[in-house]
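compute the structure for the input listed below.
(2 chains)
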Amino acid sequence: MIELRHVDKWYGPTFQALKDCTTSVAKGEVVVVCGPSGSGKSTLIKCVNALEPIQGGEIILDGIKVNDPKTDLPKLRARVGMVFQHFELFPHLRIIDNLCLAQEKVLGRKHDEALAKAVKLLDRVGLREQAKKYPAELSGGQQQRVAIARALAMDPVAMLFDEPTSALDPEMISEVLDVMVNLARDGMTMMVVTHEMGFASKVAHRVIFMDQGEIVEDALKADFFGKPRSDRAQKFLSKILQH
Amino acid sequence: MLGSFDFDVIRRSLPYLFVDGMTFTLTLTALSALGGLVFGTLIALMRLSGFKLLGRIAGLYVDFMRSLPLVLVIFWFYFLVPYIGQWLTGASRPIGVGAFASSLITFIMFEAAYFSEIMRAGIQSIPRGQPAAASALGLTYAQSMRYVVLPQAFRNMLPVLLTQTIVLFQDTSLVYVLSIPDFLGAASKVAQRDGRLVEMYLFAAAVYFTISCLASFGVRRLQARIAIVR
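Alright, predicted model coming up:
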């Protein structure tokens, strides 16, 4: 479903954010990407739907080459959902309109059809009552659940999560993770940048560990938590698991 | 001293001042603000676009317009436009444009430069994550601007845009150099006809002051109401 081959990414002429990154996510697979801050994990996931351009290598998404200048990027992006650290709901639109906008303008759905879909998804994330409110009237956890619903409204073939719980107060993290766990169990293809190792051990198939722009470890979940091969991954795990 | 003043001249000329003069002033203000906003937004988008050449052209335009006295542009445009029209259409004589059309075009061009800077600031004030989220949903650049960025930028900047429109309302009085009877022009005509300069100019000042003050007050009330909570 998602293939990254020897991806290089530079910020300016001197800083290389991604170095020769190769990995893949199969259909229905859940892959967690972790690593210390500044390791390039967010950059990696943003390259998958070309929110960040790459300078070397190639990325193939559902059979389409992302970094081909001929690729219709808006069309491609409409097929992968993305959830951001800071939710990025549109503050001037009601919750329901946040869910309908792209359905109507990108997929060309009729308003009634988009509305029905939106209500169904809001129901699924437990926020049907909030449909008429504006984003600022919701808590962080609720906003992030809306953001997930907004992405799902496009019927994506895969979902990308960029640190979806990092900006949340601790008591709101689990309500968002619950939605994600259910999504994973329903068979959604997911690439998730997160530090939530509980989530990783519960639903991930594979874990990718990054450091300084490189994929240091790319292992099955059991192997990663059981016996990480690299020193850096061991150090990282011991730091975030000891509490 | 006030005894020698004839304030009745104001009462007698009220219909002319307001029906003719103020209507003209308000029409010119509203149309210029609207046109300025539309073209200003386009110029702002040009400046912020990835195309360097477009950005340079827009930047030069804004700098050029802001470096000239408005009254000079009004004058210059009024006398030049007929010749430009002649040149463009290949007509045998200069094309009469009319004082209203000429001054409207001038104000739109001038205000576009100012409004573009306001809209540019407004667009830049939107967090980068917003257009990113719009792109991630599959919206094109144009759709992302139209449905996500510009509505927020416009709302954030509305108080500043309206304040600039109040300045514009005062600036429209400069069309009196073309002998157009806007509100000030009308007052000035009556003043000279009846030899009542002090009364008429005092009255004109009071009217501009009152309208501008009330409008500013309205803008402040509005500002408190529409601010988007983040």
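
going forward, measure contacts and count neighbours with C-alpha atoms only.
Will do.

give me the number of residues near the residue in chain B positioned nearest to chain A?
Minimum separation of chain B from chain A (C-alpha to the nearest C-alpha) falls at B:Gly138, amounting to 4.1 Å. Neighbour count of B:Gly138, defined by other C-alpha atoms under 10 Å in any protein chain shown: 28.

residue contacts, it?
The contact partners of B:Gly138, taken as C-alpha atoms under 8 Å, 6 or more residues apart in numbering or on different chains, are A:Leu73, A:Pro74, A:Lys75, A:Leu76, A:Arg77, A:Ala78, A:Arg79, A:Ala102, A:Val106.

strands of chain A, start to end?
When secondary structure is read from DSSP state E, chain A shows strands at A:2-11, A:15-25, A:30-34, A:56-61, A:64-65, A:80-83, A:158-162, A:189-193, A:206-211, A:214-220.

elements contacting the fifth one?
Under the contact criterion of 3 or more C-alpha pairs under 8 Å, 6 or more residues apart in numbering or on different chains; DSSP states H and E, strand A:64-65 touches no helix or strand at all.

include mean neighbour count and mean pLDDT when you put the strands of chain A into a markdown table, please.
Formatted as a markdown table, those follow (neighbours: other C-alpha atoms under 10 Å in any protein chain shown; pLDDT from 0 to 100):
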| stretch | mean neighbour count | mean pLDDT |
| --- | --- | --- |
| strand A:2-11 | 18 | 94 |
| strand A:15-25 | 18 | 94 |
| strand A:30-34 | 27 | 95 |
| strand A:56-61 | 20 | 93 |
| strand A:64-65 | 15 | 93 |
| strand A:80-83 | 27 | 96 |
| strand A:158-162 | 24 | 97 |
| strand A:189-193 | 26 | 96 |
| strand A:206-211 | 24 | 94 |
| strand A:214-220 | 19 | 92 |
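
picking up where we left off before, between the contacts of B:Gly138, which has the most around it?
Neighbour-wise, the contacts of B:Gly138 (other C-alpha under 10 Å) top out at A:Ala102, 27 neighbours.

hmm, B:Leu137 and that one touching each other?
Yes: A:Ala102 lies in contact with B:Leu137 (C-alpha atoms under 8 Å); the separation is 6.3 Å.

identify the contacts common to the two.
Contacts common to A:Ala102 and B:Leu137, judged by C-alpha under 8 Å, 6+ apart, are A:Met154.

so the worst-scoring helix or strand of chain A on mean pLDDT versus strand A:206-211, what angle?
The weakest-scoring helix or strand in chain A, judged by mean pLDDT, DSSP states H and E, is helix A:231-241 (a mean of 84). Here helix A:231-241 runs at an angle of 100 degrees relative to strand A:206-211 (axes from the mean of the first three to the mean of the last three C-alpha atoms, to 10 degrees).

the inter-axis angle of helix A:231-241 versus strand A:30-34?
Using the same axes, to 10 degrees, helix A:231-241 lies at 90 degrees relative to strand A:30-34.

contacts for helix A:231-241?
So helix A:231-241 is in contact with A:Gly35, A:Pro36, A:Met197, A:Phe209, A:Asp211, A:Val216, A:Glu217, A:Pro228, going by C-alpha under 8 Å, 6+ apart.

cutoff 6 Å now
Residues from elsewhere that reach helix A:231-241 (C-alpha atoms under 6 Å, 6 or more residues apart in numbering or on different chains): A:Pro228.

what do you get for stretch B:172-190?
Contacts to stretch B:172-190, defined as C-alpha under 6 Å, 6+ apart, come from residues B:Leu17, B:Gly21, B:Met22, B:Phe24, B:Thr25, B:Met200.

distance-wise, check the second one relative to A:Val216.
This means B:Gly21. Here the criterion is C-alpha to C-alpha, to the nearest Å. By it, B:Gly21 lies 76 Å from A:Val216.

can you check the last one too?
Distance, B:Met200 to A:Val216, by C-alpha to C-alpha: 82 Å.

got any ranges where chain A has weak pLDDT?
In the predicted model of chain A, residues A:242-243 satisfy pLDDT under 70.

actually chain B, not the one I wrote
In the predicted model of chain B, residues B:1-3, B:227-230 satisfy pLDDT under 70.

so which bits of it are right by chain A?
B:Gln130, B:Ala136, B:Leu137, B:Gly138, B:Leu139, B:Thr140, B:Arg230 (C-alpha under 6 Å from any C-alpha of the partner chain).

thinking again about what came up before, out of the strands of chain A, which is closest to B:Ala33?
Closest of the strands of chain A to B:Ala33 is strand A:80-83, at 39.2 Å (criterion: C-alpha to C-alpha).

for that closest one, name the packing helices and strands.
Packed against strand A:80-83 by the contact rule (3 or more C-alpha pairs under 6 Å, 6 or more residues apart in numbering or on different chains; DSSP states H and E) you find strand A:158-162.

tell me the angle of the strand it packs on relative to strand A:189-193?
10 degrees.

is strand A:158-162 positioned near chain B?
No: Strand A:158-162 stays clear of chain B (C-alpha under 6 Å from any C-alpha), getting no nearer than 10.0 Å.
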